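Visitor: test case, fold it:
(one chain, ligands or ions: 1)
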Amino acid sequence: MPAFPTTLPIARTPEPAQAPPLRWGVLAPGRIAGGFVDALRRNTRQQLVAVGSRSADRAAAFAATHGADKAYDSYEQLVADPDVDVVYVASPHSEHRAQALLAIAAGKHVLVEKAFCRNAVEAGEVVQAARAGGVLVMEAMWTRFLPQTDVLRQLLDDGMLGEVVTVLADHGQSFDPDPADRLFNPALAGGALLDLGIYPLSFASFVLGEPDSVVAAGRLTDTGVDGQVSITLGKGAAQSCLNTTLWARTPTRASISGTAARVELSGPFYAPGVLTLTGADDRQLVREPDTVSGHQGLCYEAAHVAALVADGVFESPLLPAEETVAILSTIDEIRRQIGVSLPGE
Ligand SMILES: NC(=O)c1ccc[n+]([C@@H]2O[C@H](COP(=O)([O-])OP(=O)(O)OC[C@H]3O[C@@H](n4cnc5c(N)ncnc54)[C@H](OP(=O)(O)O)[C@@H]3O)[C@@H](O)[C@H]2O)c1
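Guide: Numbers count the residues shown, from 1 in each chain. Model prediction:
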């Protein structure tokens, strides 16, 4: 049994402002795109140079609000811009495959919002295209690049929890059930799993890797997407219990319990927060939240992309492309068990 440490590991995450600047183009200026570029502007040296929308007015409004030099009324023009190094794809999940492939074909690096694609087949296609094209592709699973996640990584790598027995994580939000909204619309690949459940699933994958068993129970919305799902993943002797819902705000906390100690992440666990390590005798070490808070934490994934590109490394060692595909393959199996299929898949 490892001895309880006297201090928590120090995060090795580089300061986001240290990353060399890349020139970013935003594809699809919706809700999260504004948060992303705001996090870049406040915390990094990354440059927003252009935005592409299906509408000239929306592109112009986003460019004016966020200080982009160029506003395009098509995604094709955005990806063709020679001043754009990297494209941030922030559209609904149904569009990610085609738009990532569009950017890759234009020779751009791509950061694709979570969930990376609708399913593992689409994700594999995008990864293969990026490899063939010699460009970076990464899923914007921002939690993976936060300093607290690096502390957790070191605790796990050093065996400080002993044998991991149980992983618990949930992500539920309460949304207005608008059938046209991308969250409820099957044509836009709505549903709790791809939007919210991807966080607990990615967390379980980070801790235990690809599961060797998947058991899911769910309820569908009137529109036929997954409204709520509870999942048990097995990996050897360990189990993850995960939940996601579109119908209620859940605590959005996560924990990893091992034979020697447990780690708890305060809610929302996927954003910068409090990390607590508790030993078998209830001794505790607490890591307070980072100064970069909430969605400002999106700066870490962008800085990671910029650092990789500067080093000529086109796949992230912190979130390998294979893992992104494997997580979607788990979601494929969950959807099969609860009876959700999406049009156009
Ligand atoms: N990292 C995070 O914390 C976080 C938070 C929220 C969402 N997300 C992810 O970010 C992505 C976008 O989410 P969001 O909430 O920002 O979406 P949103 O507000 O609905 O915006 C999506 C944008 O995509 C464009 N679009 C392209 N094709 C579309 C279509 N067929 N229907 C509707 N819009 C279309 C639209 O922009 P134009 O028409 O102007 O081009 C729209 O504004 C999703 O993958 C989601 O999971 C991440």
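
Visitor: helix or strand for Phe116, which one?
Guide: Assessed by DSSP states H and E, Phe116 sits outside every helix and strand.

Visitor: may I have the phi/psi pair for it?
Guide: phi -50, psi -40 (degrees, to the nearest 10).

Visitor: for the stretch 201-345 of the chain, what lies in contact range of the ligand?
Guide: Proximity of the stretch 201-345 of the chain to the ligand is confined to His295 under the rule Cβ under 6 Å from any ligand atom. Yep, even glycine has a C-beta here, placed from its N, CA and C like the rest.

Visitor: all strands for the stretch 201-345 of the chain, in order.
Guide: 213-220, 226-235, 238-245, 254-258, 261-265, 275-279, 284-287 (DSSP state E, counting those that start in this stretch).

Visitor: minimum distance to Leu183: which of those has it?
Guide: Nearest of these to Leu183, taken as Cβ to Cβ: strand 226-235 at 9.7 Å.

Visitor: packing partners of that closest one?
Guide: Helices and strands touching strand 226-235, by 3 or more Cβ pairs under 8 Å, 6 or more residues apart in numbering; DSSP states H and E, are helix 192, helix 198-208, strand 213-220, strand 238-245, helix 321-338.

Visitor: show me which positions of the last one end up buried.
Guide: For helix 321-338, the buried set under the neighbour-count rule, 16 or more other Cβ atoms under 10 Å, comprises 321, 323-335, 338.

Visitor: what does the third one give?
Guide: Judged by neighbour count (16+ other Cβ under 10 Å), strand 213-220 contains these buried residues: 214, 216, 218, 220.

Visitor: next, the angle from it to strand 238-245.
Guide: Angle, strand 213-220 to strand 238-245, by axes from the mean of the first three to the mean of the last three Cα atoms, to 10 degrees: 10 degrees.

Visitor: what about the helices in this structure?
Guide: Using DSSP state H, the helices of the chain run over 31-43, 56-66, 75-80, 93-105, 120-133, 147-157, 192, 198-208, 298-310, 321-338.

Visitor: out of the ones you listed, nearest to Ser266?
Guide: Closest of these to Ser266 is helix 147-157, at 9.8 Å (criterion: Cβ to Cβ).

Visitor: now that closest one, how far from the centre of its chain.
Guide: In terms of Cα atoms, centre = their mean, to the nearest Å, the centre of helix 147-157 is found 17 Å from the chain centre.

Visitor: which helices and strands sit right next to it?
Guide: Applying 3+ Cβ pairs under 8 Å, 6+ apart, one finds that helix 147-157 contacts helix 198-208, strand 261-265, strand 275-279.

Visitor: list the buried residues in the longest one.
Guide: Put plainly, it is helix 198-208. 198-208.

Visitor: closest to Thr232 among those residues?
Guide: Closest approach between those and Thr232, by Cβ to Cβ: Ala204, at 10.1 Å.

Visitor: pull the contacting residues for Val274.
Guide: Counting by Cβ atoms under 8 Å, 6 or more residues apart in numbering, Val274 touches 265-266, 286-289.

Visitor: from Gly25, how far out is it?
Guide: From Val274 over to Gly25 the distance is 35 Å, taken as Cβ to Cβ, to the nearest Å.

Visitor: most packed of the helices of the chain?
Guide: Of all the helices of the chain, helix 192 has the most neighbours on average by mean count of other Cβ atoms under 10 Å, namely a mean of 27.

Visitor: now that one: how far from the chain's centre is it?
Guide: The chain centroid and the centroid of helix 192 are separated by 14 Å under Cα atoms, centre = their mean.

Visitor: any residues touching that helix, and which ones?
Guide: Contacts for helix 192 (Cβ under 8 Å, 6+ apart): 172, 225-229, 244-246.

Visitor: and the residues you listed, which two are furthest apart?
Guide: With Cβ to Cβ as the measure, no two of the contacts of helix 192 lie farther apart than Gly172 and Val225, at 14.8 Å.

Visitor: which one of those two is surrounded by more residues?
Guide: Between Gly172 and Val225, counting by other Cβ atoms under 10 Å, Val225 is the more crowded of the two (26 against 20).

Visitor: look at Ala106 and report its pLDDT.
Guide: pLDDT for Ala106: 98.

Visitor: and it, what does it touch?
Guide: 79-80.

Visitor: need phi/psi at it.
Guide: The phi and psi values for Ala106, taken as degrees, to the nearest 10, are phi -90, psi 0.
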